[in-house]
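Chemist: model the following, please.
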Amino acid sequence: MSDTHVRIAAVLMDIEKELRDLLLWQQQPPPPEALASTQPFCIDTLNFAQWLQFVFLPRMHQLADAAGALPQQCGIAPMAEEYFRDLGLNSGELLRQLRLIDRILSSQ
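Modeler: Next up, the predicted model:
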């Protein structure tokens with residue numbers, strides 16, 4: 001496993017922690033049809049926090065664990081900033097971790 005994979009795995013754990021701390025972590029997954037969306041970020045079937053938990057984190061964990069090819073670019077921080085802007089949550093640390101994912105993947 002490369003240093004990049006190790007770094008990504010660590011940040012993914014921090015993202016999960018932040019989602020739990022913000023009480024955005026869900027115990028039950030959405031129905032399979034919600035996860036089958038073809039829209040970016042599953043915008044038509046999930047909210048952004050659900051997409052992070054049920055789509056982004058599992059896919060990225062799978063790539064990191066298998067030392068697979070990682071995306072060469074990632075731009076989820078701007079979407080997260082927009083989503084969390086008006087929710088009134090203390091999402092600063094989560095946004096910092098998402099910006100870090102963007103930077104790590106863009107600098108490979």
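
Chemist: all contacts plus neighbour counts: C-alpha atoms, from now on.
Modeler: Will do.

Chemist: tally of neighbours for V11?
Modeler: For V11, the count of nearby residues is 18 (other CA atoms under 10 Å).

Chemist: confidence score at A64?
Modeler: Looking at A64, its pLDDT reads 92.

Chemist: just the CA coordinates for the least confident helix or strand in the chain by mean pLDDT, please, in CSV.
Modeler: Ranked by mean pLDDT, DSSP states H and E, the helix or strand of the chain with the weakest confidence is helix 32-35, at a mean of 92. Extracted in CSV, the C-alpha atoms of helix 32-35 (Å, rounded to 0.1, in the frame of the first residue of the first chain):
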residue,chain,number,x,y,z
PRO,A,32,-31.0,0.0,-3.1
GLU,A,33,-32.7,2.1,-5.8
ALA,A,34,-31.5,5.3,-4.0
LEU,A,35,-27.9,4.1,-4.3
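
Chemist: helices or strands next to the next helix or strand after it in the packing?
Modeler: Using DSSP states H and E, the helix or strand that directly follows helix 32-35 along the chain is helix 48-51. Using 3 or more CA pairs under 8 Å, 6 or more residues apart in numbering; DSSP states H and E, no helix or strand is in contact with helix 48-51.

Chemist: just to revisit the earlier point, got the contact list for the least confident helix or strand of the chain?
Modeler: With CA atoms under 8 Å, 6 or more residues apart in numbering as the test, helix 32-35 has contacts from 42, 45-46, 54-55.

Chemist: rerun that using 7 Å as the cut-off
Modeler: Residues outside helix 32-35 that contact it (CA atoms under 7 Å, 6 or more residues apart in numbering) are 45-46.

Chemist: tell me the buried residues in it?
Modeler: Across helix 32-35, burial judged by 16 or more other CA atoms under 10 Å covers L35.

Chemist: stretch 66-75 too?
Modeler: Buried residues in stretch 66-75, counted by 16+ other CA under 10 Å: L70.

Chemist: for it, how far is the first residue from the last?
Modeler: Taking CA to CA, to the nearest Å, the first and last residues of stretch 66-75 lie 22 Å apart.

Chemist: how far does it sit from its chain's centre?
Modeler: On the basis of CA atoms, centre = their mean, to the nearest Å, stretch 66-75 sits 13 Å off its chain's mean C-alpha point.
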